[in-house]
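Peer 1: I would like to see how this sequence folds:
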Amino acid sequence: MVLQSCRKNYFELNENPSLVANPSISSLLSTATHKTGMNNYNVTSIISNYVQYTANPSASAASDIYQEIDNTGTWDALYFAMADISDMKALAIEQESSEYLGVANVLISYHLTLVTDLWGNAPFSEAFQETNFTPKYDSQEDLYKSSMTLLDSAIAQLARTDSKVKLAAAKDLIHAGARAKWLQTAYALKARLLIKVSKTASYNPASVLAVLPNAYKSNADDAGMGAYFTRNPWAQVAINNAGNTLSGWLSEQFIDHLNGKTYGIFDPRLRKISRPTVNNVYIGTVNGAGNRPPGNNTVKDENYIDSSSTWTGTFSPVLIMTYAEQKFIEAEAALTTDPARAYTAYLAGINANMDKLQVPATDPERVAYLASASVGAGSLTKALIFKEKYVATYLNPEAWNDARRFDYQYKDFTLPVNAVLPTFIRRLSYPVGERSKNGKNIPVIGPQSERLWWDK
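Peer 2: Numbering: from 1, shown residues only. Have a look, this model is predicted:
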C-alpha cells in the first residue's frame with residue numbers, strides 16, 4: 001500500500017532512496033486504490049463546508065466564508081496518485097493485462113475529474129512527461145473529454161476476459177480483484193459524467209439511461225476503499241473532536257435537512273449519522289457563525305461527525321460511487337420522458353441509502369418518512385430528487401457538483417454568515433504550490449464565484 005514509483009514526473013523532481021525504484025504492478029494497484037480513497041477524503045474535506053455538511057466551530061473561518069485557501073496538499077496528492085496510476089498503466093500495457101489497464105483508466109479518469117471539478121483548467125496531456133516540469137494547462141472541456149475517453153477505454157478493457165495478468169485480489173482495496181465490479185464502476189462513473197453536463201447543450205438524458213443497465217445492481221456493488229493504517233479518516237475527525245480539537249461539526253443546514261425542521265418530517269438516517277447532543281436534540285453549527293454560545297465549546301451541545309456511524313466508523317469504507325447515487329442519476333435523467341421510471345428509481349435511491357446506513361426496513365420512522373417523501377410518479381420534481389441525493393452523497397466530492405448544478409436551490413439553503421462573496425462559491429483558486437512551480441502556465445481566472453464550463 002505504501003509503495004510508490006520513483007518515475008520522474010510533474011512533481012517528483014528528486015530521487016528518494018527510500019522509495020522502491022521498480023514496484024510491481026500489484027503493489028501499484030494497492031497504492032493506487034488506497035490513494036483513491038484517501039483523495040476522496042481530501043477533496044471532501046475541502047468541499048464539505050461549501051455544501052454545508054460541516055461547519056467550522058470558529059466564527060468567520062476561511063473554510064466557511066469563501067476566503068481563498070491554499071490547497072497545495074490536495075493538488076499534489078491528486079497528481080502524485082495519477083503519477084502512480086500512470087506507472088501502473090504503463091506496466092499493464094507492457095504485461096498485456098487488460099484488467100490492470102482498465103482499472104488504471106478508471107482511476108485516472110476519477111482523479112482527473114476531481115482536479116478539474118475543483119479548479120477548472122489543469123495540466124494533464126503533458127503532466128506526466130519525464131522531462132517536462134511546467135506542463136501546459138488543458139481546458140476544462142478537454143479534461144472532461146479525456147475523462148470520458150478514459151472510461152470508454154476502461155469499459156472496453158474490463159469487458160475482456162483474456163487478460164494475461166489478473167488483478168491481485170489482496171492488493172485491490174476497492175473491489176478485491178473483481179473485474180466485473182470494476183466494469184460496473186466504470187459504467188456508473190460514466191453516468192455521473194454524463195449527468196454532470198445537464199446545464200449544457202450537449203446534455204443527452206438518453207445517453208445517461210443507456211449506460212445504467214451495465215452499472216450497479218445493488219449496494220453490494222458500491223465502490224469503497226476501507227483499508228487504513230489506523231482508521232477511516234472521518235473516524236479520526238470524530239476522535240479529534242472527542243479530544244476537544246473541535247473539528248467535524250455538522251452544519252445547521254444538513255442537520256435541519258434531516259431533523260424535521262426544514263421538511264416537517266424526521267429522517268431516521270440522522271440517528272445513523274450522528275448521536276443526539278448532550279441535550280438529547282439534533283442541532284447543527286451555523287456556517288460562518290461558529291459554535292453557539294459559549295463559542296468554541298467542549299460541551300458537545302451541537303452535532304458532529306460520529307465514529308459510531310456506519311458511514312464514518314473506524315472501519316467504514318470511504319465511498320467513491322454508490323448504487324444509491326446511481327439511482328438518483330437515473331431518476332433525474334428519466335424525469336421528463338419517463339416519470340414512472342424516475343419515480344421508481346427515486347424510491348430505490350432512498351431505500352438503498354437507508355439500507356446502507358442500516359436503518360431497519362420495519363423502523364416506524366423509516367416507514368413514516370417514506371410515506372412522506374414518496375410523491376406520485378406524476379408529481380416527482382427535480383427538487384425532490386436533489387433533496388434526497390444530498391443525503392445520499394453525504395461526505396462525497398460529488399455533492400459540490402450537484403449543489404452547483406442545482407444552483408444551491410436546496411430548501412432554506414443560505415449563504416454563510418459573513419461570506420466574502422456575494423453569491424455561492426463555484427470554484428477554487430489555484431494553489432500556492434502550483435503557482436510557484438508552474439505559474440507561467442496558470443490561466444487568469446476570476447473570483448471563486450466564477451462558474452466552470454458545465455455550471456453555466
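
Peer 1: Roughly how far does the one residue sitting closest to the centre of the chain sit from Ala403?
Peer 2: Taking C-alpha atoms, centre = their mean, the centroid of the chain lies closest to Pro397, which sits 2.6 Å from it. Pro397 sits 11 Å away from Ala403, going by C-beta to C-beta, to the nearest Å. (C-beta placed from N, C-alpha, C; glycine too.)

Peer 1: What residues does the residue nearest to the centre of the chain make contact with?
Peer 2: Counting by C-beta atoms under 8 Å, 6 or more residues apart in numbering, Pro397 touches Asn40, Val43, Thr44, Ile47, Leu114, Asp117.

Peer 1: now swap in Ile155 and tell me
Peer 2: Gly102, Leu183, Ala186, Tyr187, Lys190.

Peer 1: Would you mark the buried spots in the helix or strand encompassing it?
Peer 2: If you go by DSSP states H and E, Ile155 is part of helix 140-158. Neighbour-count burial for helix 140-158 flags 140-141, 143-144, 146-148, 150-151, 153-155, 157-158 (criterion: 16 or more other C-beta atoms under 10 Å).

Peer 1: ditto for stretch 224-237
Peer 2: Gly224, Met225, Ala227, Tyr228, Arg231, Asn232, Pro233, Trp234, Ala235, Gln236, Val237.

Peer 1: out of everything not next to it in sequence, what's closest to the fourth one?
Peer 2: Among residues not flanking Tyr228 along the chain, Phe315 sits closest, at 7.5 Å (C-beta to C-beta, 6 or more residues apart in numbering).

Peer 1: Neighbours of that neighbour, how many?
Peer 2: Neighbourhood size, Phe315 [other C-beta atoms under 10 Å]: 10.

Peer 1: Can you check the pLDDT for it?
Peer 2: Here, the pLDDT recorded for Phe315 equals 93.

Peer 1: again, but for the one 5 residues further on
Peer 2: Reading off the per-residue confidence, Ile320 sits at a pLDDT of 98.

Peer 1: does it count as helix, strand or coil?
Peer 2: Here Ile320 is recorded as strand under DSSP: H, G, I helix; E, B strand; the rest coil.

Peer 1: so how far is Leu107 from it?
Peer 2: According to C-beta to C-beta, Ile320 stands 10 Å off from Leu107.

Peer 1: again with Thr36
Peer 2: 6 Å.

Peer 1: more neighbours, the two?
Peer 2: Neighbours per residue, other C-beta under 10 Å: of Thr36 and Leu107, the larger number sits with Leu107, 29 against 22.

Peer 1: Leaving out chain neighbours, which residue sits closest to the more buried one?
Peer 2: Nearest non-adjacent residue to Leu107 (C-beta to C-beta, 6+ apart): Ile85, at 4.9 Å.

Peer 1: Name the residues of the stretch of helix or strand that neighbour belongs to that are buried.
Peer 2: Ile85 belongs to helix 72-94 when elements are defined using DSSP H and E. Neighbour-count burial for helix 72-94 flags 72, 74-92 (criterion: 16+ other C-beta under 10 Å).

Peer 1: how far does the helix or strand Lys437 falls within sit from the chain's center?
Peer 2: Remark: Lys437 resides in helix 432-438, with elements defined by DSSP H and E. Once both centres are worked out by C-alpha atoms, centre = their mean, to the nearest Å, helix 432-438 turns out to sit 25 Å from its chain's centre.

Peer 1: helices or strands up against it?
Peer 2: Using 3 or more C-beta pairs under 8 Å, 6 or more residues apart in numbering; DSSP states H and E, the elements in contact with helix 432-438 are helix 72-94.

Peer 1: by contact count, what packs against the helix it packs on?
Peer 2: Counting by 3+ C-beta pairs under 8 Å, 6+ apart, helix 72-94 packs on helix 25-47, helix 98-119, helix 432-438.

Peer 1: what's the most buried one of those?
Peer 2: Mean neighbour count (mean count of other C-beta atoms under 10 Å) peaks for helix 98-119 among the helices and strands packed on helix 72-94, with a mean of 26.

Peer 1: other SSEs contacting it?
Peer 2: Counting contacts by 3+ C-beta pairs under 8 Å, 6+ apart, the secondary-structure elements packed against helix 98-119 are helix 25-47, helix 72-94, helix 140-158, helix 179-196.

Peer 1: Select, out of the helices and strands packed on helix 72-94, the one closest to Ser207.
Peer 2: Of all the helices and strands packed on helix 72-94, helix 98-119 sits nearest to Ser207, with 16.7 Å by C-beta to C-beta.

Peer 1: burial measure for Ile385, as a count.
Peer 2: Ile385 has 24 neighbouring residues, counting by other C-beta under 10 Å.

Peer 1: Now name the helix or strand holding it.
Peer 2: Using DSSP H and E, Ile385 maps to helix 382-392.

Peer 1: Just the residues contacting that helix, thanks.
Peer 2: Counting by C-beta under 8 Å, 6+ apart, helix 382-392 makes contact with 51, 257-258, 263, 267, 269, 322, 324-325, 328, 331-332, 335, 342, 346, 349-350, 352-353, 373, 375, 399, 402-403, 406, 409-411, all of which sit outside it.

Peer 1: Filter those residues down to just the ones in strands.
Peer 2: Taking DSSP state E, every one of the contacts of helix 382-392 sits outside strands.

Peer 1: now these: which count as buried?
Peer 2: Among the contacts of helix 382-392, the ones that count as buried by 16+ other C-beta under 10 Å are 51, 257-258, 263, 267, 269, 322, 324-325, 328, 331-332, 335, 342, 346, 349-350, 352-353, 373, 399, 402-403, 406, 410.

Peer 1: For this protein, name the helix or strand with the lowest mean pLDDT.
Peer 2: Across the helices and strands of the chain, mean confidence by mean pLDDT, DSSP states H and E is lowest for helix 233-242: a mean of 90.

Peer 1: angle of that one against helix 25-47?
Peer 2: Relative orientation of helix 233-242 and helix 25-47, computed by axes from the mean of the first three to the mean of the last three C-alpha atoms, to 10 degrees: 50 degrees.
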